[in-house]
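**Student:** Provided below for reference: sequence and predicted model.
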Amino acid sequence: MNHRTIGSITVLAAVSAALVHAQPPAALNVDLNQTKAGVSPTLYGLMTEEINYSYDGGLYAELVRNRTFRSDWSGILNWFLIEKGSASAKVSVDAKDGPSQALSSSAKLEVKRADAAGPAGLLNEGYWGIAVRPNTRYAGSLFARSDSEGALPVRVALVADVSGQVLAETRVPVRGSAWKEYQFEMQSGAAPVSSGNHLELTIDRPATLWLQLVSLFPPAYHGRPNGNRTDIMEKLAAMHPAFLRFPGGNYLEGNRIETRFDWKKMIGPLVDRPTHPSTWNYHSTDGMGLLEFLEWCEDLHMQPVLAIYAGYSLGGQVVKPGPDLEPYVQEGLEEIEYVTGGTETKWGAVRARDGHPQPFPLEYVEIGNEDNFDRARTYDGRYAQFYKAIKAKHPGIQVIATMPVKGITPDIVDDHYYKREQGMFEESKHYDTVDRNGPKIFVGEWATREGTPTPNFGGALGDAAFMTGLERNSDLVVMAAYAPLFVNVNPGGMQWASDLIGYDALNSYGSPSYYAQVMFASCLGDHTAPSSLAGAGEKVFYSVTVSSKSNRACIKLVNAASTAQAVDISLKGLGGAAHTAHVETLHANTIWATNSITDPNRIVPASSTVTIQGEHLAQTLAGYSIQVLQIDLK
């Protein structure tokens, strides 16, 4: 008997043991002939912000860390002096010399002694290493000037940390004392796949070299320059997101007004972007600016949900409604014009200058973020001022409030939920009895917070239970997005636990909660069908949606109990002919089981098919399982 057969017997024995302790069968009755309510076509989407090194060191594919040479008492951060052989050099920050008004300083490398056998220069460690893959082309650029009379050849190389092997290299001839941008490419050979590498910039003769905005990118998703990591974008595409809420929550507000997401400083050439402190104790390169977010939407066919700064920052600074707030209202209107305006408009023309003449669609704008934390309670007035100004120019835009407001009925209100597993079980019923006459709901941030750095299976069960409630009530809940979306799993990379997708410099992986999201979004109808569940345990959750367009039914079943649950499914209106059900199952033996950067596929969906004869289907849900049934109705 081979090992594969033994494994199969083990699995069958485990299932049989689970069935012995199963609960009595529950009855799920579905009427496929009737429509209960519509399902929002934008129900599932993405929420994103700069947290846990989500952009820099994450989705944004830049390999160089601190490309603008910021420094503290210890020196230039993430850069180190190289002195090989008998070379002698020093490095400092020249605070008065840079290539632009935005980047008005630079790294000053003064080499007193160097030759071909002993060059001197700078080393960059990357974001916990630099990923190198074989036969890969890397595109880079830098701004530089020198005091050398002739061309000063700067050697740029990717080097293995341990062996010192040069994995890719090129030379950039820096000419003259004026700032210039130099672009370059280099190709790796038969290099092993690894992240234990660094970048070196060296010269082989005495000279003084000024450097700024040193950048290096691997091939990015869809080949975009200044683009995103392919592996992470592919994981997002698998989620079938309908929208992207950006540029984020706290990241939008900033700790202070001057450190908010100031969109005008984050468009155009990178050399004209000054960078700024983020709200999570690290610096943002601002490489992910307004246009980059919009192109992210374009690449994944998502609707943009644009959050605009509304006069409140996390440190407690508030701009009073009225004349004080008016400049920020105008700034918001200009931002909308940058997104939607034709090239004949001022800001539409700027967008065209930045490389995208075609306007972007925009249906949703959110005013601020979590303004319930505003102790001065000014949001009613601030929201009303933005609402009236936006509606006057763009009556078709849906204006989202970050909390319930008085005086004006918002189009949509943003609800946030962060709870443990049991709390999310309870919240799964939250919208079942909410008044349908009020504003629509955007669940703009939510997560079951169990597991670190990414959720465990208990988190996935809480998430799936909550999503059944969103689907049952998706006539009211028009959009929902898990948060946070990303985490860099290296020590020091995480500020907030239970994040959907984890990664390091080389690899990325989906958590059990990620796969629950993928499963739910992959099968969603355009309306709910009348249904009822009787005889199930307290930890069994479900939803039923039907697609008239694709002629299929989607049944979501969640068993958060440790024991199996049999379910007899009655499908009124299915007819007597045989039908096929495609089944995706996510299962774990314990709620603490999870995926990790070293074991990314421990918990992944398993696919199977079931033939339905007549209008009845008997299913058994294993303990701790999530199941999605797609039933062809043809």
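**Tutor:** Okay, I see it.

**Student:** Helices of the stretch 201-350 of the chain, start to end?
**Tutor:** 230-237, 250-253, 290-299, 326-340, 346-353 (DSSP state H, counting those that start in this stretch).

**Student:** which one of those is the most hemmed in?
**Tutor:** Of all these, helix 250-253 carries the top mean neighbour count, a mean of 24, counting by mean count of other CB atoms under 10 Å. Bear in mind the C-beta positions are built from the backbone N, C-alpha and C, glycine included.

**Student:** For that one, what is the distance to the chain centroid?
**Tutor:** On the basis of CA atoms, centre = their mean, to the nearest Å, helix 250-253 sits 15 Å off its chain's mean C-alpha point.

**Student:** Next: stretch 428-447.
**Tutor:** 23 Å.

**Student:** Check stretch 194-204 too.
**Tutor:** With CA atoms, centre = their mean, you get 29 Å for stretch 194-204.

**Student:** related to what we said a few turns ago, could the helices of the stretch 201-350 of the chain go into CSV alongside mean pLDDT and distance to Val405?
**Tutor:** Shown next, in CSV, are those (pLDDT from 0 to 100; distance: least, CB to CB, whole Å):
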stretch, mean pLDDT, distance to Val405
helix 230-237, 98, 32
helix 250-253, 96, 18
helix 290-299, 98, 26
helix 326-340, 98, 16
helix 346-353, 98, 28
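
**Student:** so which of the ones you listed comes closest to Ile51?
**Tutor:** Ile51 lies closest, by CB to CB, to one member of the helices of the stretch 201-350 of the chain: helix 250-253, at 7.0 Å.

**Student:** give the contact list for Asn456.
**Tutor:** By CB atoms under 8 Å, 6 or more residues apart in numbering, the contact set of Asn456 is Glu450, Pro512, Ile591, Trp592, Ala593, Thr594.

**Student:** What is the burial count for the nearest residue to Ala237 once chain neighbours are set aside?
**Tutor:** In space, and not counting its chain neighbours, Ala237 is closest to Leu300: 5.6 Å by CB to CB, 6 or more residues apart in numbering. Applying other CB atoms under 10 Å, we find 21 residues neighbouring Leu300.

**Student:** Which pLDDT value belongs to Leu300?
**Tutor:** pLDDT, Leu300: 98.

**Student:** Most neighbours among the contacts of Asn456, please name it.
**Tutor:** When neighbours are taken as other CB under 10 Å, the top entry among the contacts of Asn456 is Pro512 (31 neighbours).

**Student:** From Ala144, how far off is Gln183?
**Tutor:** From Gln183 over to Ala144 the distance is 12 Å, taken as CB to CB, to the nearest Å.

**Student:** So Phe425 is in contact with Val540, correct?
**Tutor:** No. Here Phe425 does not reach Val540: they are 10.3 Å apart, not a contact under CB atoms under 8 Å.

**Student:** Show me whatever sits in contact with both of those two.
**Tutor:** With CB under 8 Å, 6+ apart as the test, Phe425 and Val540 both reach Ala560.

**Student:** Enumerate every residue touching Ala168.
**Tutor:** Val132, Thr136, Tyr138, Ala157, Leu158, Met186, Gln187, Ser188, Gly189, Ala191.

**Student:** Buried members of those residues into ChimeraX, please.
**Tutor:** The ChimeraX command for the buried members of the contacts of Ala168 (criterion: 16 or more other CB atoms under 10 Å) is given here:
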select :132,136,138,157,158,186,188,191
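
**Student:** Gly254 against Lys265, yeah?
**Tutor:** No. Look at Gly254 against Lys265 with CB under 8 Å: they stay out of range, at 11.9 Å.

**Student:** list the residues that contact both of these two?
**Tutor:** In contact with both Gly254 and Lys265: His276, using CB under 8 Å, 6+ apart.

**Student:** These two - which one has more neighbours?
**Tutor:** When neighbours are counted by other CB under 10 Å, Gly254 and Lys265 differ, and Gly254 comes out ahead with 22 against 16.

**Student:** Please identify the buried residues of stretch 569-579?
**Tutor:** Ile569, Ser570, Leu571, Leu574, His579.

**Student:** Report pLDDT for the third one.
**Tutor:** We have a pLDDT of 97 for Leu571.

**Student:** same thing with the fourth one?
**Tutor:** In this prediction, Leu574 carries a pLDDT score of 95.

**Student:** Tell me how many other residues crowd the nearest residue to it once chain neighbours are set aside.
**Tutor:** Once flanking residues are discounted, Leu574 sits nearest to Glu615: 4.6 Å by CB to CB, 6+ apart. By the criterion of other CB under 10 Å, Glu615 has 16 neighbours.

**Student:** The residue lying closest to Gly98 once chain neighbours are set aside: what secondary structure?
**Tutor:** Nearest residue to Gly98, sequence neighbours excluded (CB to CB, 6+ apart): Ser104, at 4.2 Å. At Ser104 the chain is in coil, as set by DSSP: H, G, I helix; E, B strand; the rest coil.

**Student:** residues touching Ser104, list them.
**Tutor:** By CB under 8 Å, 6+ apart, the contact set of Ser104 is Ala95, Lys96, Asp97, Gly98.

**Student:** Below-threshold pLDDT in the chain: ranges please.
**Tutor:** 1-23 (pLDDT under 70).

**Student:** give me phi/psi at the residue of it most remote from its centre?
**Tutor:** The centre of the chain is farthest from one residue, Glu149, which by CA atoms, centre = their mean lies 47.5 Å away. With angles defined as degrees, to the nearest 10, Glu149 sits at phi -70, psi -40.

**Student:** Ok, Ser188 next?
**Tutor:** When read as degrees, to the nearest 10, the backbone of Ser188 gives phi -80, psi 150.

**Student:** pretty sure it is touching Ala157, no?
**Tutor:** No. Ser188 is beyond contact range of Ala157, at 10.8 Å (criterion: CB under 8 Å).

**Student:** any residues in contact with both of these two?
**Tutor:** Leu167, Ala168.

**Student:** Please tell me how far the residue nearest to Leu574 sits from Ser531.
**Tutor:** Distance from Glu615 to Ser531, by CB to CB: 14 Å.

**Student:** any idea how far the nearest residue in space to Leu557 that is not next to it in sequence lies from Asn250?
**Tutor:** Distances taken as CB to CB, 6+ apart place Gln627 nearest to Leu557, at 4.5 Å, with adjacent residues excluded. Going from Gln627 to Asn250 by CB to CB gives 36 Å.

**Student:** Please work out how many residues are found near Gly316.
**Tutor:** Neighbours around Gly316, by other CB under 10 Å: 12.

**Student:** In contact with it, which residues?
**Tutor:** Here Gly316 is in contact with Arg375 (criterion: CB under 8 Å, 6+ apart).

**Student:** Repeat that for Ile203.
**Tutor:** With CB under 8 Å, 6+ apart, Ile203 has these contacts: Leu109, Val111, Ala114, Pro119, Ala120, Gly121, Leu152, Pro153, Val154, Arg155, Leu209.

**Student:** So between Gln183 and Ala144, which is more surrounded?
**Tutor:** Taking other CB under 10 Å, Gln183 and Ala144 do not tie; Ala144 has more neighbours (25 against 10).

**Student:** Which residues are in contact with the nearest residue to that one once chain neighbours are set aside?
**Tutor:** With CB to CB, 6+ apart as the criterion, Ala144 has its nearest non-adjacent residue at 4.6 Å, and that residue is Val174. Val174 is in contact with Ala144, Arg145, Ser146, Ser148, Ala151, Leu152, Pro153, Val154, Lys180, Tyr182, Leu209, counting by CB under 8 Å, 6+ apart.
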